[in-house]
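# quick one, what's the 3D model for this:
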Amino acid sequence: MTKVLVVDDEPLLKEMLYDIFSMAGYDVITAENGKEGLDKIYSESPDFVILDCSMPVMDGFEVLAIIRKEARFINLPVIMLTALAGDTEQIKGLSLGVDDYITKPFKSSVLLTKVKNILERKKQSLDVNPLTSLPGNVSIQKYVESKITDKSDFAILYFDLSNFKSFNDKYGFFAGDNVIRFTAGVLEKAVKGFVKSDSFIGHIGGDDFVIISPIDLSIPIAEKVIELFDLGIKDFYNREDIEKGYIVSIDRNDNIQKFPIMAVSISIIATNIADIVDFEDVAQRASELKKIAKKNNKSSYVFERRKYGR
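Sure, this is the predicted structure:
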């Protein structure tokens with residue numbers, strides 16, 4: 001249950017806010033001044049804070065300034081309550097990192113809508129991969145399962161880079177991060193190349209990506225990704241390694257090995273072939289296919305052709 005902390009020194013308003021959030025299904029805790037509110041932020045770990053601007057002991061701006069200096073509270077959603085309609089107070093709060101304002105008196109429906117929207121935006125922003133700005137696992141799973149629930153036909157393409165670890169070991173993490181950003185750009189360009197494409201791009205983590213697309217576009221997208229990836233990946237290697245066609249590095253068993261230039265391996269699963277049950281089912285099948293695709297040292301895709309019955 002989502003926990004809301006209400007910090008306000010007006011007893012009637014605090015009670016009203018308690019009732020509003022309780023009736024909406026939130027777990028509500030309260031504090032009567034900024035100092036008590038700050039203590040409860042530390043002790044209760046709320047998911048959302050309703051913070052009055054003007055209070056005794058410590059006002060809302062002081063509380064906000066303190067929590068925004070701490071990494072663990074950087075993304076804690078905060079709405080400030082104000083009795084003033086002027087810009088000065090609101091600008092002050094915005095400069096300190098408040099998420100929104102609401103002016104007294106207010107409608108409960110407006111307040112609840114603001115809280116709901118902010119929580120949803122925060123959840124989405126926290127799921128975004130910081131390296132590529134693409135949606136992460138939570139968003140990917142939500143999107144796939146919404147498609148399954150709607151009984152929509154779709155294809156899911158899993159992308160994995162062959163020989164990425166050896167590249168990372170030799171050229172360093174900074175170069176590896178650049179390859180990850182390059183790969184994300186390749187996927188975005190490939191999808192944008194199809195005007196009618198209603199596709200979703202996600203970053204699972206590391207060198208693993210996913211695209212959910214219409215079935216008829218899955219192979220054309222895969223082919224475009226391979227074309228763009230193979231065209232640009234050599235730019236990340238030095239001339240000597242490009243001429244040799246491989247790099248020398250250490251494998252997982254501490255043996256010296258020759259690793260070919262990176263390639264992209266793609267697993268494609270479509271609902272018109274596989275009777276997909278849930279996201280975990282998709283992930284398991286994609287993992288099986290990926291092993292087949294990675295047997296080839298060149299960029300390639302494997303399309304699921306086994307019919308599953310359930």
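# tell me the secondary structure for residue 14?
Assigned by DSSP: H, G, I helix; E, B strand; the rest coil, the conformation of residue 14 is helix.
# how about the nearest residue to it, chain neighbours excluded?
In this structure, residue 14 finds its nearest non-sequential neighbour in residue 8, 4.5 Å apart by Cβ to Cβ, 6 or more residues apart in numbering. Quick note: C-beta positions are derived from backbone N, CA and C, even for glycine.
# dump the residue contacts of that neighbour.
Applying Cβ atoms under 8 Å, 6 or more residues apart in numbering to residue 8 gives the contacts 14, 17, 30, 32, 50, 52, 55, 81.
# just the ones of those residues in strands?
30, 50, 52, 81 (DSSP state E).
# closest to residue 293 among those residues?
Using Cβ to Cβ, residue 50 is the member of the ones in strands among the contacts of residue 8 that lies nearest residue 293, at 51.0 Å.
# so what's the closest residue in space to that closest one that isn't next to it in sequence up against?
Nearest residue to residue 50 in three dimensions, chain neighbours excluded: residue 6, at 4.7 Å (Cβ to Cβ, 6+ apart). Applying Cβ under 8 Å, 6+ apart to residue 6 gives the contacts 14, 17, 18, 21, 28, 29, 30, 31, 50.
# highest neighbour count among those residues?
Among the contacts of residue 6, residue 50 has the most neighbours (other Cβ atoms under 10 Å), with 27 neighbours.
# I'd say it and residue 7 touch.
Yes. At 6.7 Å, residue 50 and residue 7 qualify as touching, with contact defined as Cβ atoms under 8 Å.
# low-confidence ranges in this structure?
85-86, 195-197, 274, 305-310 (pLDDT under 70).
# show me where it has helices.
Using DSSP state H, the helices of the chain run over residues 11-23, 34-44, 60-67, 87-96, 108-127, 137-149, 164-171, 173-192, 215-232, 239-244, 279-293.
# as CSV, the contacts of residue 6 with distance to residue 226 would be great.
What follows is these, written out as CSV (distance: Cβ to Cβ, whole Å):
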residue, distance to residue 226
14, 60
17, 56
18, 58
21, 52
28, 54
29, 54
30, 58
31, 57
50, 51
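# what is the nearest of those to residue 137?
Taking Cβ to Cβ as the measure, residue 21 is the one of those closest to residue 137, at 29.5 Å.
# shouldn't that closest one be in contact with residue 4?
Yes. Using Cβ under 8 Å as the test, residue 21 is close enough to residue 4 to be in contact (4.9 Å).
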